[in-house]
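A.B. asks: One predicted model, sequence on top.
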Amino acid sequence: MEQTNRIILCVDDEREILSALQRSLRQKADRILTATSGEEGLALLEEHAPGVIVSDMRMPGMNGAEFLNRVLEFAPHTFRILLTGHADMDAAISAINKGEIHRYLHKPWDADELGHAIEQGFERHQLIQANLALTDSLSEKNQELEELNMTLEQKVVERTEQLLHSERLSVLGRLAAGIVHEVMTPLTISVGWVETVSKSPNITEDQQNSLSIATEQIFRAASIMESMRDFSRKKHPIKTPTDANKLIGHALDLLIHPLKQKNISISRSFEANERINVDGEQITQVLLNLINNAIDALDSGGRITLSTRVVGTAQSARSVQVTVKDNGSGIAPDLVQQIFEPFFSTKGSKGTGLGLSICKGIIDNHGGSIDLESRLGQGTTFTLTLPVES
Ligand SMILES: Nc1ncnc2c1ncn2[C@@H]1O[C@H](COP(=O)(O)OP(=O)(O)OP(=O)(O)O)[C@@H](O)[C@H]1O
Ligand SMILES: [Mg+2]
């Protein structure tokens, strides 16, 4: 147990009594403070926090019982001893009954008796202090425990959600692979037959038109199947050191027609001068999906900004950030959670809703991240973060 300083405060209006007390108690304390009135005593109490107080009963102004009553109020753990004359018995008993004092001694006091009371006082005071310190550290620990429990609970919930999510994705993936496999064969056969029929000599123009609509729709179904295949495959990336700026240039080349058709202008800010370790084909596919989404979100005359930059200082933590920013429709805040879900689309029959879930799968497989910021009516920025080649 930590020993605090043993300080006694003696209060009496007569200086001789104070001197006698000091002499008598010298062996019992590290420090003895004296005050000639209750008021002075209270000031010393606040400054020095004594463990034991010995106070005379009869004093002008505040008497001993009143003084110790104030002590009880301000420093309830201080051990309080009252010195009384015979005439003050009633006051002393009433003070004891009210819990204002722990002990009373008659004047003139017996040195041993007073010494014993002081010892008892310090012992009690120290026990209380130790108890308070323990209670404090216990409640601190309890609070820490509570906080730990809360984070643990939160972590369990998050992890469970992640597991459920990936389980759902893998079931969907297997289902999608099965569907693609089964549907591709009849589609291929149908295309063959449509072609054969369209080549027959005595076919009318109307019939020819109908056949080309049929072909178009079959190809559309085939392209949906291809997206589903990409989604279900989760191909393992074959990584090579790659220039992200070049990949963007390549993706833009592939999209030149839809960009022109919608009169969309392109801004580039290529600052990344380090290569990333990625599967170039897969990252191009991600860029195509993101730029296509941006085109869909834009009205004619809109703008897409593509930028790259290196972030992070420590070599091991360096990444290239690629952003695809549009000033199009934006995404409603309540939809942001869902847009990476497979088959979530707001484009009706024009979208499969697989684009972003494929992107996310590819980026996750690369140990990177995909984030977005969007404001309804103002535009959207997707940011890919990919580790640089090490
Ligand atoms: N840049 C963007 N601006 C506004 N909304 C976007 C943007 N990118 C994605 N979205 C929203 O996210 C949804 C999901 O996108 P995702 O690419 O996964 O599917 P999709 O574009 O609808 O269909 P798919 O890509 O398969 O043709 C979109 O339908 C659209 O509502
Ligand atoms: Mg898309």
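C.D. replies: Happy to help now that I have it. Just so it is clear, the model here is predicted, and its values are computed rather than measured. Ligands and ions are numbered 1, 2, ... in the order given.
A.B. asks: what sits against residue 214?
C.D. replies: By C-beta atoms under 8 Å, 6 or more residues apart in numbering, residue 214 lies in contact with 190, 194. Every residue, glycine included, has its C-beta placed from N, CA and C.
A.B. asks: Which helix or which strand is home to it?
C.D. replies: Taking DSSP states H and E as the definition, one finds residue 214 inside helix 205-233.
A.B. asks: Same check on residue 43?
C.D. replies: Going by DSSP H and E, residue 43 is part of helix 38-48.
A.B. asks: Likewise for residue 181?
C.D. replies: In this assignment (DSSP H and E), residue 181 forms part of helix 111-198.
A.B. asks: Mean confidence (pLDDT) on that helix, please.
C.D. replies: Helix 111-198 shows a mean pLDDT of 87.
A.B. asks: Please give me every residue in contact with the residue nearest to residue 63 when sequence neighbours are not counted.
C.D. replies: Nearest non-adjacent residue to residue 63, counting by C-beta to C-beta, 6 or more residues apart in numbering: residue 57, 6.1 Å away. Residues near residue 57 by C-beta under 8 Å, 6+ apart: 63, 64, 65, 82, 83, 84, 85, 88, 91, 92.
A.B. asks: how close does the residue lying closest to residue 113 once chain neighbours are set aside get to residue 20?
C.D. replies: Spatial nearest neighbour of residue 113, excluding adjacent residues (C-beta to C-beta, 6+ apart): residue 105 at 6.2 Å. Distance of residue 105 to residue 20, given as C-beta to C-beta, to the nearest Å: 13 Å.
A.B. asks: can you list the residues of this protein near ligand 1?
C.D. replies: 227, 289, 293-294, 297, 326, 328-329, 331, 339, 344-347, 351-357, 380 (C-beta under 6 Å from any ligand atom).
A.B. asks: Of these, which qualify as buried by neighbour count?
C.D. replies: Taking 16 or more other C-beta atoms under 10 Å as the criterion, what is buried in these is 227, 289, 293-294, 297, 326, 328-329, 331, 339, 344-345, 351-357, 380.
A.B. asks: Out of the residues you listed, which sit inside strands?
C.D. replies: If you go by DSSP state E, these have 326, 380 in strands.
A.B. asks: contacts with ligand 2 among the buried ones among the residues of the chain next to ligand 1, please.
C.D. replies: The subset of those within reach of ligand 2, by C-beta under 5 Å from the ion, is 293, 355.
A.B. asks: quick check: domain ranges of this structure?
C.D. replies: Domain segmentation of the chain under automatic domain parsing yields 7-109, 157-233, 240-387.
A.B. asks: can you tell me the distance between the two ends of the last one?
C.D. replies: Using C-alpha to C-alpha, to the nearest Å, one end of domain 240-387 lies 12 Å from the other.
A.B. asks: next one: stretch 254-264
C.D. replies: 14 Å.
A.B. asks: Is it positioned near ligand 2?
C.D. replies: No. Stretch 254-264 stays clear of ligand 2 (C-beta under 5 Å from the ion), getting no nearer than 12.4 Å.
A.B. asks: Check which residues of that stretch are buried.
C.D. replies: Buried residues in stretch 254-264, counted by 16+ other C-beta under 10 Å: 255, 259, 264.
A.B. asks: The last one touches residue 299, doesn't it?
C.D. replies: No. Under the criterion of C-beta atoms under 8 Å, residue 264 lies out of contact with residue 299, with a separation of 9.3 Å.
A.B. asks: Of the buried residues of stretch 254-264, just say which sits nearest to ligand 2.
C.D. replies: residue 255 (12.5 Å; C-beta to the ion).
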